[in-house]
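Asks: The sequence and its predicted three-dimensional model are supplied below.
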Amino acid sequence: MDIRLKAENAATMALAGRVSLVSGSTSGIGLGIARALARAGSAVVLNGLGAAAEIAQTRRQMEEEFGVQVSYSAADMTSHEAIAEMIAATIAGHGRLDVLVNNAGIQHVAPLDQFPVDKWDAILAINLSSAFHTTRLALPAMRQNNFGRIVNIASAHGLVASPFKAAYVAAKHGIVGLTKVTALETAEESITCNAICPGYVYTPLVEAQIDGQARAHGISREQVIHDVLLAQQPNKRFATVEELGALTVFLAGDAAASITGIALPVDGGWTAH
């Protein structure tokens, strides 16, 4: 084995022996991040919604592809009791929790004076409060093992606002604030906390939105992408789940030991305006 191949293998398995939990990871961004962590050698705990058979198939495929243990928790991220059970089960099953990725989130769009109260409560619970609960419960185990990486998936909307997204923008701004507080409280320990702030990311949900917008406005897919969805993104391209996964793996590794408390835009220049 030559030196280059050894270096490539070491980089690929940068998280060997680690245990990662990713909320909201049965599809989309969360699944992309979970796959990247598994590819880097980490055992992974998935969490999220979906058909049991499909989730079981995803687990099997990841285990076969990456050679790591992949488990699943159906914890309801609106319930602090369920979150506590998930964290406890992860630690009991693996003996540690090294990497926590808070990705679970939902969205609703409506004018502020017409915003449904139940939607506000649900978005704040899932997008913000769940990260508080996972973090407070994971920190003791991270401190015990003298290592921890917390990556919060915020949004460009954690840095800037858009109309009709009051709950989402409020929650994502809250995630950025929670990230900074967590980083300050763990600054003298081997624990970091950072936020990734994506713009539009290409997922199956976005693909459905493209088709819906094209039909609604009577315009082409290309026009929807360029003039509607990516109107605020100067680079006029979607980020990919693979890009977010690679960034998460970097932040979870040893090379990022001095990076903490940041909100890192991955938005094609959106927040540079």
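Replies: Received the coordinates, thanks. Please read these numbers as outputs of a predicted model, since none were measured by experiment. Numbers count the residues shown, from 1 in each chain.
Asks: Nearest residue to Y168 in space, ignoring adjacent ones along the chain?
Replies: Nearest non-adjacent residue to Y168, counting by CB to CB, 6 or more residues apart in numbering: Q107, 5.4 Å away. Every C-beta, even on glycine, is put in place using the N, C-alpha and C of the backbone.
Asks: Is the one you found in contact with I123, as I believe?
Replies: Yes - counting by CB atoms under 8 Å, Q107 does reach I123; the two are 7.3 Å apart.
Asks: Touching both of these two, which residues are there?
Replies: Residues touching both Q107 and I123 by CB atoms under 8 Å, 6 or more residues apart in numbering: Y168.
Asks: neighbour-wise, which of these two wins?
Replies: I123 (24 against 14; other CB atoms under 10 Å).
Asks: Could you check the pLDDT of that one?
Replies: Note on I123: pLDDT of 97.
Asks: Can you give me the neighbour number for the closest residue to it other than its chain neighbours?
Replies: Spatial nearest neighbour of I123, chain neighbours left out: A167 (3.9 Å); criterion: CB to CB, 6+ apart. Residues contacting A167 under the criterion other CB under 10 Å number 24.
Asks: Figure out the helix or strand that A167 lives in.
Replies: Using DSSP states H and E, A167 sits within helix 166-185.
Asks: Show me which residues of that helix are buried.
Replies: Residues of helix 166-185 classed as buried: 166-176, 178-180, 182-183 (neighbour count, 16 or more other CB atoms under 10 Å).
Asks: nearest to S27, of those?
Replies: Y168 (18.3 Å; CB to CB).
Asks: I'd assumed G158 was in contact with the closest one.
Replies: No - assessed by CB under 8 Å, Y168 is found out of contact with G158, at 9.5 Å.
Asks: now the helices for the stretch 101-250 of the chain?
Replies: 117-124, 130-145, 166-185, 204-217, 221-223, 241-252 (DSSP state H, counting those that start in this stretch).
Asks: Now the fifth one: average pLDDT?
Replies: Averaged across helix 221-223, pLDDT comes to 93.
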